[in-house]
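Peer 1: need coordinates for the below:
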Amino acid sequence: MDDYKKEFGPGPSNDSDLNRDRDRERELERREAGHEAGYDSGREEATAQEKPSYYYSYGPHKTGMSEETQRTESDTTAYSNREGSEPVEVTPPKPVRSFSFSRDGASAPNGGWNGSGPAKKRSSLRSGFAAFLAGAVVVSTLMFAADKTNLFTGKQPMTLPGAQPNSSQTVAAGSASKVSLDSARPDNIAQIFAQASPATVKIESYVKSKSSSQRNQMNDPFYRFFFGDQGDSKQGSGSGSEGALQLAGSGTGFIFEKSGYILTNEHVIDGADEIRVTVQGYDKPFVAKLLGNSYDLDLAAMKIEGDKDFPILPIGKADSLNVGDWVVAIGNPYGFDHTVTVGVLSAKERPITIQDEQGTRNYKHLLQTDASINPGNSGGPLLNMNGEVIGINTAVSSQAQGIGFAISESTFSTVLDNLKNNVTIPKEKAPYIGVSLQNVDKEWVSELKLQNTEGAIVAEVTRKSPAFQAGMRPYDVIVDVNDQKVTNSQDVTTKIQALKVGDKAKIGVMRDGKRVEISVTVGDKNAADTTEKK
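Peer 2: Numbers count the residues shown, from 1 in each chain. Okay, here's the model as predicted:
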């Protein structure tokens, strides 16, 4: 109010004073409207000398205005006058510190407000993520420690679903039993070897020097490697003259009866003029007598004579073994007597075919094992964990490692009596109809009045064969067997061999452009071959 009195004098006291006050109010209005620029400038200078001015606004900072315009707007905002009231001084508010944050956490320039509010600091997100990682590390550490110390399961061993029980590793948990996993080899291999070794013998085949064909066959590298024989150029007894015995090959066998009966592979002693058997505990080898043999089964039985009973190996049951069970092989690979190898039974019922100078050996029902079998192991025993013979080691694959084959006990146990008594073992029946076939070439389609090349041409019909008796002719084209379409000669052979001897086969053939149906009774090829030889 002192400032007011200095500029306008004391307040109104009479009519003249009232008129003077009204004139002053009009003068103020004119000043506020900006009509008296000079007076306004003088007032600003006086005000600036007495106290500083404060400016604030709600909203963004306005750019592009002159200082004069900003002052005018501020003065208008700083003072308000009501008609009929005394002008009063408006005390400017205290300066307000504006808060404004950019997204990166730094203060925004010009002190403006951010309408969306202050953004969250990134440091809080980092702190939360760090806390999460710390918690994960702690939980993982506790889980690892609990697993290592069996905190929740005690001392129970780990079990696998479907595991087979083992007598040495069965753990009872309440009323149910759990089987632990045996990851180690059996611990009775040494005991098995000690019991089986005396009955496992070394077999050496000797031929006379004039028998060059047999010697060359047994010394053939492929023959020796696949069958496991070991040839030797060293001479046996006698001089190097004609008729002297020479070592042709060696293999393994085992004694299955205490009187001296030995079982081995036929190819181990094939063509031998003399067979010598070395038995553990005897200084000199025995000369063995060949009793019976079978080329198709690759089995041979012989006998040695001694002054006392010989140790024997019991024969077990191959059907009782499962794939994955442990097996032990004993033999004389490369002349290293009584070598033991260990593996598992890899598979059952394996068929393989081997050709040699005498023909083709068609093996069936073989046991496959990864126990090491090398040249010299042929004829040796394949044992189970009870020390029983469940197979005869016979062949290896020359193109692979850990793939060996053994003749199953189910095969040789049924023919032991025949071999011991030198009785001919009847061959397994082989289904056949007695025709030679070839595929249909394109040039035959028009000549044989065919629609396509599917089927098999009958090139030859064997005399007195089932096909001959049924009326099949050369140049007939077989197109179906028992109403099943065939595409080539191999397809026809496969379908015939799948039948049994004595079955009736309905064979459809194309003859002169027409389909003819022929009924053929399937015969036995082995029986037919025996009849022809007689």
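Peer 1: where does pLDDT dip in the chain?
Peer 2: For the chain, the stretches with pLDDT under 70 are 1-23, 25, 27-123, 148-185, 210-243, 529-534.
Peer 1: partner strands of the lengthiest strand in it and their direction?
Peer 2: Scanning the chain for the strand with the most residues, using DSSP state E, yields strand 339-356. Strand 339-356 has its sheet partners listed here by DSSP bridges as strand 326-331 (antiparallel), strand 359-369 (antiparallel).
Peer 1: can you redo those strands as JSON lines with distance to residue 198 and mean neighbour count?
Peer 2: Where you see a C-beta, it was placed from the backbone N, CA and C, and this is true even at glycine. Output for these, formatted as JSON lines (distance: least, C-beta to C-beta, whole Å; neighbours: other C-beta atoms under 10 Å):
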{"stretch": "strand 326-331", "distance to residue 198": "11", "mean neighbour count": "24"}
{"stretch": "strand 359-369", "distance to residue 198": "23", "mean neighbour count": "17"}
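Peer 1: which stretch among the ones you listed comes nearest residue 505?
Peer 2: Residue 505 sits nearest to strand 359-369 of all the strands paired with strand 339-356, at 22.1 Å, using C-beta to C-beta.
Peer 1: only the C-alpha atoms, please, for that closest one, written as CSV.
Peer 2: The C-alpha trace of strand 359-369 is given here as CSV (Å, rounded to 0.1, in the frame of the first residue of the first chain):
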residue,chain,number,x,y,z
GLY,A,359,29.1,-124.7,-53.6
THR,A,360,27.1,-122.4,-51.5
ARG,A,361,26.5,-122.6,-47.7
ASN,A,362,23.1,-121.2,-46.7
TYR,A,363,23.3,-120.6,-43.0
LYS,A,364,20.1,-120.0,-41.1
HIS,A,365,19.2,-119.3,-37.4
LEU,A,366,22.6,-118.0,-36.6
LEU,A,367,23.4,-116.1,-33.4
GLN,A,368,25.1,-112.7,-33.9
THR,A,369,27.6,-111.5,-31.3
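Peer 1: contacts made by the helix or strand just after it with the rest, please.
Peer 2: Next helix or strand after strand 359-369 toward the C-terminus (DSSP states H and E): strand 381-383. Outside strand 381-383, the residues that touch it by C-beta atoms under 8 Å, 6 or more residues apart in numbering are 192, 196, 200, 252, 254, 313, 327-330, 367, 369, 371, 389-393, 406.
Peer 1: could you find the closest non-adjacent residue to residue 339?
Peer 2: Distances taken as C-beta to C-beta, 6 or more residues apart in numbering put residue 333 closest to residue 339, at 5.5 Å, once the chain neighbours are dropped.
Peer 1: can you give me the helices in the stretch 151-300 of the chain?
Peer 2: 189-196, 212-219, 221-227, 266-269 (DSSP state H, counting those that start in this stretch).
Peer 1: ignore what I typed, I meant the stretch 351-500 of the chain.
Peer 2: Here the stretch 351-500 of the chain has its helices, by DSSP H, counting those that start in this stretch, at 409-412, 416-420, 442-447, 466-470, 489-497.
Peer 1: of all these, which one is nearest residue 307?
Peer 2: With C-beta to C-beta, the closest approach to residue 307 among the helices of the stretch 351-500 of the chain belongs to helix 416-420: 21.2 Å.
Peer 1: dump the closest one to PDB, keeping only the CA atoms.
Peer 2: Coordinates of the C-alpha atoms in helix 416-420 are reproduced here as PDB (Å, rounded to 0.1, in the frame of the first residue of the first chain):
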ATOM      1  CA  LEU A 416      24.400-134.700 -32.600                       C
ATOM      2  CA  ASP A 417      23.300-138.400 -32.700                       C
ATOM      3  CA  ASN A 418      23.400-138.400 -36.500                       C
ATOM      4  CA  LEU A 419      26.900-136.900 -36.500                       C
ATOM      5  CA  LYS A 420      28.200-139.300 -33.900                       C
END
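Peer 1: mind listing what's buried along it?
Peer 2: For helix 416-420, the buried set under the neighbour-count rule, 16 or more other C-beta atoms under 10 Å, comprises 416, 418-420.
Peer 1: next: stretch 387-406.
Peer 2: Within stretch 387-406, the residues that count as buried by 16+ other C-beta under 10 Å are 387-396, 403-406.
Peer 1: gap between the closest residue in space to residue 511 that isn't next to it in sequence and residue 450?
Peer 2: Distances taken as C-beta to C-beta, 6+ apart place residue 476 nearest to residue 511, at 5.4 Å, with adjacent residues excluded. Using C-beta to C-beta, to the nearest Å, residue 476 is found at 12 Å from residue 450.
Peer 1: intersection of neighbour lists for the two?
Peer 2: Common neighbours of residue 476 and residue 450 (criterion: C-beta under 8 Å, 6+ apart): residue 510.
Peer 1: related to what we said a few turns ago, could the helices of the stretch 351-500 of the chain go into TSV alongside distance to residue 458?
Peer 2: Shown next, in TSV, are those (distance: least, C-beta to C-beta, whole Å):
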stretch	distance to residue 458
helix 409-412	36
helix 416-420	38
helix 442-447	12
helix 466-470	8
helix 489-497	10
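Peer 1: so how far is residue 460 from the nearest residue to residue 497 once chain neighbours are set aside?
Peer 2: Closest residue to residue 497 apart from its sequence neighbours, by C-beta to C-beta, 6+ apart: residue 431 at 5.4 Å. With the distance defined as C-beta to C-beta, residue 431 ends up 18 Å from residue 460.
Peer 1: okay, these two: which has more neighbours?
Peer 2: residue 431 (18 against 12; other C-beta atoms under 10 Å).
Peer 1: list the contacts of the more buried one.
Peer 2: So, once contact is read as C-beta under 8 Å, 6+ apart, residue 431 ends up touching 496-501, 503, 522-525.
Peer 1: 7 Å instead, please
Peer 2: Counting by C-beta atoms under 7 Å, 6 or more residues apart in numbering, residue 431 makes contact with 496-497, 499-501, 522.
Peer 1: so which of those residues comes closest to residue 320?
Peer 2: residue 500 (28.7 Å).
Peer 1: and the closest one, what is it in contact with?
Peer 2: Contacts for residue 500 (C-beta under 7 Å, 6+ apart) come out as 431, 522.
Peer 1: same check, this time on residue 519
Peer 2: 470, 504, 506.
Peer 1: related to what we said a few turns ago, can you tell me how far the residue nearest to residue 497 is from residue 469?
Peer 2: 16 Å.
Peer 1: over to residue 137?
Peer 2: In this view, residue 137 and residue 469 are 87 Å apart by C-beta to C-beta.
Peer 1: same deal with residue 405?
Peer 2: From residue 405 to residue 469 the distance is 39 Å (C-beta to C-beta).
Peer 1: between residue 137 and residue 469, which one's more packed in?
Peer 2: Of the pair residue 137 and residue 469, residue 469 is the one with more neighbours under other C-beta under 10 Å, namely 15 against 10.
Peer 1: any idea how far the more buried one lies from residue 522?
Peer 2: 12 Å.
Peer 1: what of residue 404?
Peer 2: Distance from residue 404 to residue 522, by C-beta to C-beta: 35 Å.
Peer 1: what sits against the nearest residue to residue 421 once chain neighbours are set aside?
Peer 2: Spatial nearest neighbour of residue 421, excluding adjacent residues (C-beta to C-beta, 6+ apart): residue 292 at 6.9 Å. Residue 292 makes contact with 301, 418-423, according to C-beta under 7 Å, 6+ apart.
Peer 1: now with 6 Å, please.
Peer 2: The neighbours of residue 292, taking C-beta atoms under 6 Å, 6 or more residues apart in numbering as the test, are 301, 419, 422.
Peer 1: over to residue 457?
Peer 2: Residue 457 makes contact with 438, 440, 477 under the criterion C-beta under 6 Å, 6+ apart.
Peer 1: could you rerun that using 7 Å?
Peer 2: With contact taken as C-beta under 7 Å, 6+ apart, residue 457 is in contact with 437-438, 440, 444, 475, 477.
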